[in-house]
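Undergrad: What would the 3D arrangement of this be:
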Amino acid sequence: MEQPSAMAPAPLPSAAPASPPPSRPSAQPGPQPLSATAACPPPVLWCQNLTKAYGGSVALDRFSITVPAGRIVGLLGPNGSGKTTLLKMIAGVSHPTAGDIRVTGLPVGPQSKAVVSYLPERPYFSRSMRVRDMVAYFSDFYADFDEAAAHDMLARLGVDAAAPCSALSKGTVEKVQLVLVMARQAALYLLDEPIGGVDPAARDYVLSTIIKGYRPASTIILSTHLVRDVESVLDDFILLRYGTMLLHAPVGYVVQEKGMTLDAYFREEFRC
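TA: As a prediction, the model looks like this:
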């Protein structure tokens, strides 16, 4: 497959984006330039020649992209393709070897971190705390945290706010972390495998929580290998293989140009 140029952010193909689910407002398609005016704000995410190397191993190789506001983007690829590495660098918890990142026009730092809500792949809070204590902690720490929305999402997911985290299952812990991330009024949500540890019966509820917490002025980048489960909520997707971007396109591009679902396309590209 032809790869997008690494020298400039890869444009979306001309195919129309897939229609968003009826449960969320429609988004404005198309990338935006990095330069901003009052009528044309900077893109939510802009990466240029982003590279991360660990010794002689390159985890991400000259990754360039522009993502505007109002998109839900699937970050897709097999294990070891660079998905988590990319999200960590955007979130500012890891530093690139080379290249540049801008979030709402801001370089990665305290100001960009204030508008990014990041869900890491692994649990990160103390198991000795109760769920309601975690909600209170986030409310104190983040100025954009909506405590009422967090309790509402917990109730809809059937999570007892009085429960100690040590008594929760792995899947419930992941639900709680997702609620804490989605209860923020952020510009960019970075979700690393948000449904990976959740049983299939609960995945629809988790995705519903993501959609209900989504605002049209925001963008979500959702890393997963469970393409079939998330395909219906995605506007666009990014395919990564061995740290290289293979394609960035609307979901509708695969349907129209390849005549198959995104899940089928993913399986064809990465079959053993």
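Undergrad: what's the closest non-adjacent residue to residue 202?
TA: Once flanking residues are discounted, residue 202 sits nearest to residue 171: 6.5 Å by CB to CB, 6 or more residues apart in numbering. Every residue, glycine included, has its C-beta placed from N, CA and C.
Undergrad: so which strand or helix has the one you found?
TA: Element membership of residue 171, judged by DSSP states H and E, is helix 170-182.
Undergrad: circling back to that earlier point, ok, the residue nearest to residue 202 to residue 105 distance?
TA: Counting by CB to CB, to the nearest Å, the gap from residue 171 to residue 105 is 37 Å.
Undergrad: Please apply the same query to residue 164.
TA: Residue 164 is 42 Å from residue 105, by CB to CB.
Undergrad: same deal with residue 136?
TA: To residue 105, residue 136 is 32 Å away according to CB to CB.
Undergrad: Report the secondary structure element holding residue 221.
TA: Counting by DSSP H and E, residue 221 is found in strand 219-224.
Undergrad: and that strand, which strands flank it?
TA: Looking at strand 219-224 with DSSP bridges, its partner strands are strand 72-76 (parallel), strand 188-192 (parallel).
Undergrad: So residue 203 sits against residue 229, correct?
TA: Yes: using CB atoms under 8 Å, residue 203 makes contact with residue 229 at a distance of 5.1 Å.
Undergrad: Spit out the residues that contact these two alike.
TA: Shared contacts of residue 203 and residue 229, defined by CB atoms under 8 Å, 6 or more residues apart in numbering, are found at residue 195.
Undergrad: circling back to that earlier point, can you list the strands paired with strand 219-224 in a markdown table and add mean pLDDT?
TA: Formatted as a markdown table, the strands paired with strand 219-224 follow (pLDDT from 0 to 100):
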| stretch | mean pLDDT |
| --- | --- |
| strand 72-76 | 95 |
| strand 188-192 | 95 |
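Undergrad: of all these, which lies closest to residue 40?
TA: Ranking the strands paired with strand 219-224 by their distance to residue 40 (criterion: CB to CB) puts strand 188-192 first, at 18.1 Å.
Undergrad: Could you report the pLDDT at residue 209?
TA: As predicted, residue 209 sits at a pLDDT of 76.
Undergrad: ok so, going back, other residues contacting the strand holding residue 221?
TA: 44-45, 67-76, 83-84, 87, 90, 121, 187-196, 210, 214, 230, 234, 238.
Undergrad: Mind giving me the packing neighbours of the helix or strand that that strand is followed by?
TA: With elements assigned by DSSP H and E, the helix or strand that comes after strand 219-224 is helix 227-230. Helix 227-230 sits against strand 72-76, helix 200-212, helix 262-269, with contacts defined as 3 or more CB pairs under 8 Å, 6 or more residues apart in numbering; DSSP states H and E.
Undergrad: buried ones in helix 227-230?
TA: 227, 229, 230 (16 or more other CB atoms under 10 Å).
Undergrad: can you give me the strands for the chain?
TA: Here the chain has its strands, by DSSP state E, at 45-54, 57-67, 72-76, 98-103, 106-107, 116-119, 188-192, 219-224, 236-241, 244-250.
Undergrad: Nearest to residue 256 among those would be which one?
TA: Nearest to residue 256, of the strands of the chain and by CB to CB, is strand 244-250 at 9.1 Å.
Undergrad: got the angle for the closest one vs strand 72-76?
TA: Angle, strand 244-250 to strand 72-76, by axes from the mean of the first three to the mean of the last three CA atoms, to 10 degrees: 150 degrees.
Undergrad: Paired strands for strand 244-250, with orientation please.
TA: strand 236-241 (antiparallel).
Undergrad: Low-confidence stretches in the chain?
TA: 1-39, 213, 272 (pLDDT under 70).
Undergrad: Can you tell me which residue is spatially central in it?
TA: Centroid check for the chain by CA atoms, centre = their mean gives residue 221 as the closest residue, at 2.1 Å.
Undergrad: Phi first, then psi, for residue 234.
TA: Torsion angles at residue 234 (phi, psi; degrees, to the nearest 10) stand at phi -90, psi 140.
Undergrad: ok, it - how many residues close by?
TA: 23 (other CB atoms under 10 Å).
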